[in-house]
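Visitor: This is a predicted model, with the sequence first.
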Amino acid sequence: FKDIDSHEKAYFLGLLFSDGYICTQTLSKVTGIAVQLQDEYIIKYLYSALQLKTKLNYYKNSIKLSVTNKGMYEDLVSHGMVENKSHSEYHFPQIPKEFYNSFILGYFDGDGCITIKSSGAIVVSICGNSKTFFVELQKVLKDEFQIESRLNQEMKPSGNYLYVLYLRGRKNQLKFKDIMYKDSPIFLTRKHDKFMKIPC
């Protein structure tokens, strides 16, 4: 991840920003990510791309990849990833603009949601704990892709605040779909399939 010079790398950077973590364990630098078992192909794709030999861990209904590698840790930190990010502020990474869409798709696959209600109403949102990141993400969507959104501050049951970015209406939802999926070689098929159900 030293240089984000492909849509594949940008996607996984986004996925790690949302669903992954970095931490220091004694003298080791660790990068990890866990997903639902139904999405294990995403982890296996990353495992293969990184040419890893470490063991994948299965537990209950999930799969986890953990990598002890100082270089990988430092590369992610250089792009703005932080330890304990669930309780920290962080920035939208400074990567080439041509890869913004794949980074955002990776982040969406980690912390995004599509809800198609029985009434026909459709809600597309992305959530997270960093206000700084979401303010910058909202600006990127508007300035680079002309996608309008609304940023809400909502309270979780724990009492902590959560920031939720909602795409404004069908036009912006469809634009998001067309732009974000057009370059990445990998994505969560279950979320992609939901997007395909949004009528034009």
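Guide: It's in.
Visitor: how about the strands in the protein?
Guide: 20-25, 28-36, 57-59, 62-68, 112-116, 122-128, 149-155, 161-167 (DSSP state E).
Visitor: any idea which of the ones you listed is most buried?
Guide: strand 122-128 (a mean of 20; mean count of other C-beta atoms under 10 Å). For glycine as for every other residue, the C-beta is placed from the backbone atoms N, C-alpha and C.
Visitor: quick one: strands adjacent to that one?
Guide: Partner strands for strand 122-128, per DSSP bridges, with pairing direction: strand 112-116 (antiparallel), strand 161-167 (antiparallel).
Visitor: Columns distance to residue 20 and mean pLDDT on top of the ones you listed, output as a markdown table?
Guide: Formatted as a markdown table, the strands paired with strand 122-128 follow (distance: least, C-beta to C-beta, whole Å; pLDDT from 0 to 100):
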| stretch | distance to residue 20 | mean pLDDT |
| --- | --- | --- |
| strand 112-116 | 15 | 91 |
| strand 161-167 | 18 | 92 |
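Visitor: how about CSV for the ones you listed, with distance to residue 190 added?
Guide: Formatted as CSV, the strands paired with strand 122-128 follow (distance: least, C-beta to C-beta, whole Å):
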stretch, distance to residue 190
strand 112-116, 9
strand 161-167, 18
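Visitor: Could you point out the longest helix of the protein?
Guide: As assigned by DSSP state H, the longest helix anywhere in the chain is helix 131-145.
Visitor: What residues sit buried inside that one?
Guide: 133-134, 137-138, 140-141, 145 (16 or more other C-beta atoms under 10 Å).
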